[in-house]
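S.K.: Just the structure for this:
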Amino acid sequence: MMQPPTMSTAITEGVRVIVTSRYVPEQSDPRARRYVFAYTVRISNESSSTVQVKNRHWVITDAEGKTEEVRGAGVVGHQPVLRPGAKFEYTSGTMLRTPRGTMRGSYGAVRDDGSRFEVQIGLFELLLPASLN
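M.R.: Down below sits the predicted model:
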């Protein structure tokens, strides 16, 4: 079985989402089964319409198959409006009880004409580097 990458790229109707993840050892405590990962998301509007990100939906799965779904308004407290050619980047984080897992999801978005669509976020891996294991 091929492992998911620690980076993903997905394009939905001209909106590109690139995500990279990294392990955060200074916030983690493996003895307590606390593994913290940061992920950086860059949303780029490559379409000809202005797009606003209204909400998010994440599916986070640990190595034991436990899945958590996170839904909420906006991203990191914002509902960014992206004109054609604009980008929005943010970093957030999640905690797992296992040294590896995956994340994927989507953003609910609306175009300037009021039409709504789902922007896909490709599957990426949350992974404790082997050198730290």
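
S.K.: which residues in the chain form strands?
M.R.: 7-12, 15-23, 35-45, 51-62, 67-73, 81-82, 87-96, 100-111, 116-127 (DSSP state E).

S.K.: Between the ones you listed, which one is closest to residue 29.
M.R.: Comparison of those against residue 29 by C-beta to C-beta identifies strand 35-45 as nearest, at 8.5 Å. Where C-beta positions appear, they are placed from N, C-alpha and C, glycine not excepted.

S.K.: Render the CA-only coordinates of the closest one in PDB, please.
M.R.: Extracted in PDB, the C-alpha atoms of strand 35-45 (Å, rounded to 0.1, in the frame of the first residue of the first chain):
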ATOM      1  CA  TYR A  35       1.500  13.700  19.000                       C
ATOM      2  CA  VAL A  36       1.000  17.200  17.700                       C
ATOM      3  CA  PHE A  37       1.200  18.100  14.000                       C
ATOM      4  CA  ALA A  38       1.100  21.500  12.300                       C
ATOM      5  CA  TYR A  39      -0.300  21.900   8.800                       C
ATOM      6  CA  THR A  40       0.100  24.900   6.500                       C
ATOM      7  CA  VAL A  41      -2.700  25.500   3.900                       C
ATOM      8  CA  ARG A  42      -2.400  27.700   0.900                       C
ATOM      9  CA  ILE A  43      -5.600  28.500  -1.000                       C
ATOM     10  CA  SER A  44      -5.100  30.000  -4.400                       C
ATOM     11  CA  ASN A  45      -7.900  31.300  -6.600                       C
END
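
S.K.: so how far is it from its chain's centroid?
M.R.: In terms of C-alpha atoms, centre = their mean, to the nearest Å, the centre of strand 35-45 is found 5 Å from the chain centre.

S.K.: Output the contacting helices and strands for that strand.
M.R.: In terms of contacts (3 or more C-beta pairs under 8 Å, 6 or more residues apart in numbering; DSSP states H and E), strand 35-45 is packed against strand 15-23, strand 81-82, strand 87-96, strand 100-111, strand 116-127.

S.K.: JSON lines for the ones you listed, including mean neighbour count?
M.R.: Shown next, in JSON lines, are those (neighbours: other C-beta atoms under 10 Å):
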{"stretch": "strand 15-23", "mean neighbour count": "19"}
{"stretch": "strand 81-82", "mean neighbour count": "17"}
{"stretch": "strand 87-96", "mean neighbour count": "15"}
{"stretch": "strand 100-111", "mean neighbour count": "21"}
{"stretch": "strand 116-127", "mean neighbour count": "18"}
